[in-house]
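Student: sequence first, then the predicted structure:
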Amino acid sequence: MEKIKVAVLLGGTSPERDVSIVSGKYVTQGLREAGYIVKPIDPALGINQPENEDELFISAIRETPPTEEELARYSNKNVIECINSHLLDDIDVVFIILHGKWGEDGTVQALLELRGKKYTGSGVLASAIGIDKNISKIVFKHNGVQTPDWFTIKKNKVDLNEIRRKIEKSFSYPCVVKPNDQGSTVGLSVVHCPEEIEPALELAFKYSDIALVEDFIEGKELTVGILGNMALPVIEIIPKGGIYDYYHKYTKGATEYIVPAEIPEEWTKKLQEQALIAFESVGCKGFARVDFRVTDKGETFCLEINTLPGMTGTSLVPKAAKAAGIEFPELVDRIVKLALLE
């Protein structure tokens with residue numbers, strides 16, 4: 001039987017470029033262990049891929065995302081050129097591990113559909129809904145998945161006095177300010193007083209034209225991975241000081257993970273049910289991760305869905321899969337097989 005050829009799309013042009021490269025390295029290794037022929041590709045480089053694939057990979061994720069100046073070296077025109085080139089001619093399926101904008105938002109998925117290539121994970125519409133926190137929260141609420149109260153602000157319509165009034169009327173402090181369409185907590189701030197609003201908005205607007213302001217839910221941070229139609233064991237996330245931000249996500253030892261979470265059984269059942277409803281209501285496929293805050297009384301609040309969750313050494317879906325008895329090569333093998341079934 002001829003081996004299946006998989007292209008792993010990694011890197012890309014979003015602020016989550018570094019995370020994507022490390023995820024791509026793990027996925028490439030895992031797929032090879034599972035018996036696939038694998039070609040790692042950074043679409044941000046267009047058709048000019050390095051002869052030695054090791055040049056595509058970085059050894060570690062830095063404490064902060066790449067700067068605007070660093071990302072300016074890469075062009076989305078290169079991505080279009082790459083997808084439409086000979087690089088994918090002999091590929092059976094594409095494993096997308098491009099995190100954030102231009103990879104997780106349906107754009108690359110649309111290009112691959114135009115090219116007639118099968119790919120892993122969610123389709124165009126589900127990806128677009130998932131990356132848009134405002135729209136996904138509307139979908140959650142409509143389908144009975146509780147989410148923290150929120151409102152959005154457009155970059156060119158900032159009235160600080162009006163925003164402060166709206167916060168105090170809607171949910172008070174602390175609250176969360178974050179870009180509407182980024183992942184990996186890029187550009188996120190927890191705001192404790194009116195004076196912190198302006199710098200938090202400035203940070204969020206560095207990454208998006210729309211900022212989302214959301215009630216901060218006191219309690220535990222929990223997440224549920226989804227594989228196919230199965231909810232994986234719940235993980236509790238305990239950052240060592242501060243919030244679960246970019247630094248705490250990708251710095252080894254900066255966060256403690258309890259897998260499976262040591263919570264009452266009814267909490268686990270409810271979180272897994274809510275995660276599956278969120279996954280299905282958005283229209284996701286393959287795999288995803290759904291993030292929650294849970295109060296001391298067990299009230300669950302869905303924060304967001306990640307349609308292309310990380311696959312690094314500190315990433316959560318691989319941890320949850322392992323707790324369910326699924327080692328990393330089997331995890332990526334299952335994700336590819338789900339894509340080939342489409």
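Tutor: Cool, got the structure. Numbers count the residues shown, from 1 in each chain.
Student: can you list contacts of stretch 296-305?
Tutor: Applying CB atoms under 8 Å, 6 or more residues apart in numbering, the external contacts of stretch 296-305 come out as 130, 133, 136-137, 140, 145-148, 214, 217-219, 264, 266-267, 270-271, 274-275, 278-279, 282, 284, 288-295. C-beta: built from backbone N, CA, C; applies to glycine.
Student: could you export it as CSV, CA atoms only?
Tutor: Provided in CSV are the C-alpha atoms of stretch 296-305 (Å, rounded to 0.1, in the frame of the first residue of the first chain):
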residue,chain,number,x,y,z
ASP,A,296,-16.4,28.1,42.9
LYS,A,297,-20.1,27.2,42.7
GLY,A,298,-19.5,25.2,39.4
GLU,A,299,-21.0,27.8,37.1
THR,A,300,-19.4,27.4,33.7
PHE,A,301,-18.5,30.2,31.3
CYS,A,302,-17.2,29.5,27.8
LEU,A,303,-14.5,32.0,26.7
GLU,A,304,-13.7,30.8,23.2
ILE,A,305,-13.1,28.0,20.8
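Student: distance of residue 54 from residue 21?
Tutor: As judged by CB to CB, to the nearest Å, residue 54 and residue 21 stand 12 Å apart.
Student: so where do the helices sit in the stretch 151-300 of the chain?
Tutor: 160-170, 197-205, 246-250, 265-282 (DSSP state H, counting those that start in this stretch).
Student: picking that back up, of residue 54 and residue 21, which one has the most company?
Tutor: A count of neighbours by other CB atoms under 10 Å puts residue 21 above the other of residue 54 and residue 21, at 23 against 8.
Student: you'd agree the more buried one is up against residue 57?
Tutor: Yes. Assessed by CB atoms under 8 Å, residue 21 is found in contact with residue 57 at 6.1 Å.
Student: out of the helices of the stretch 151-300 of the chain, which gets nearest to residue 119?
Tutor: With CB to CB as the measure, helix 265-282 is the member of these nearest residue 119 (17.2 Å).
Student: pLDDT of the closest one, averaged?
Tutor: The pLDDT scores in helix 265-282 average 98.
Student: list the buried residues of that helix.
Tutor: Residues of helix 265-282 classed as buried: 267-268, 270-272, 274-279, 281-282 (neighbour count, 16 or more other CB atoms under 10 Å).
Student: centre of the chain versus it, how much separation?
Tutor: Centroid displacement of helix 265-282 relative to its chain, using CA atoms, centre = their mean, to the nearest Å, is 18 Å.
Student: show me what that helix is packed against.
Tutor: helix 124-131, helix 133-142, strand 220-227, strand 230-239, strand 287-294, strand 300-306 (3 or more CB pairs under 8 Å, 6 or more residues apart in numbering; DSSP states H and E).
Student: what's the closest of these to residue 202?
Tutor: Taking those one by one with CB to CB, helix 133-142 is closest: 18.5 Å.
Student: make TSV from the helices and strands packed on helix 265-282 and add distance to residue 159 to it.
Tutor: Formatted as TSV, the helices and strands packed on helix 265-282 follow (distance: least, CB to CB, whole Å):
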stretch	distance to residue 159
helix 124-131	26
helix 133-142	19
strand 220-227	32
strand 230-239	33
strand 287-294	28
strand 300-306	26
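Student: which of those sits closest to residue 40?
Tutor: Here strand 287-294 is closest among those (CB to CB), at 19.1 Å.
Student: got the angle between that closest one and strand 230-239?
Tutor: Orientation check (axes from the mean of the first three to the mean of the last three CA atoms, to 10 degrees): strand 287-294 against strand 230-239 gives 50 degrees.
Student: hmm, who's touching strand 287-294?
Tutor: Applying CB under 8 Å, 6+ apart, the set of residues contacting strand 287-294 from outside is 120-122, 130, 148, 217-228, 263, 267, 271, 274-275, 278-279, 300-309, 316-317, 335, 338.
Student: average pLDDT for the strand or helix carrying residue 7?
Tutor: Here residue 7, judged by DSSP states H and E, is contained in strand 5-9. Across strand 5-9, pLDDT averages out at 98.
Student: pull the distance from that strand to the chain's centre.
Tutor: Distance of strand 5-9 from the chain centroid (CA atoms, centre = their mean) equals 19 Å.
Student: quick check: what element follows it along the chain?
Tutor: Using DSSP H and E, the first helix or strand after strand 5-9 is helix 17-33.
Student: returning to that earlier point: save the helices and strands packed on helix 265-282 as TSV, and put in mean neighbour count and mean pLDDT too.
Tutor: What follows is the helices and strands packed on helix 265-282, written out as TSV (neighbours: other CB atoms under 10 Å; pLDDT from 0 to 100):
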stretch	mean neighbour count	mean pLDDT
helix 124-131	22	97
helix 133-142	18	98
strand 220-227	24	97
strand 230-239	19	95
strand 287-294	24	97
strand 300-306	23	97
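Student: ok, which of these comes nearest residue 95?
Tutor: Across the helices and strands packed on helix 265-282, residue 95 has its closest neighbour in strand 287-294 (10.9 Å, CB to CB).
Student: tell me the angle of that closest one relative to helix 133-142?
Tutor: Going by the same axes, to 10 degrees, strand 287-294 makes 70 degrees with helix 133-142.
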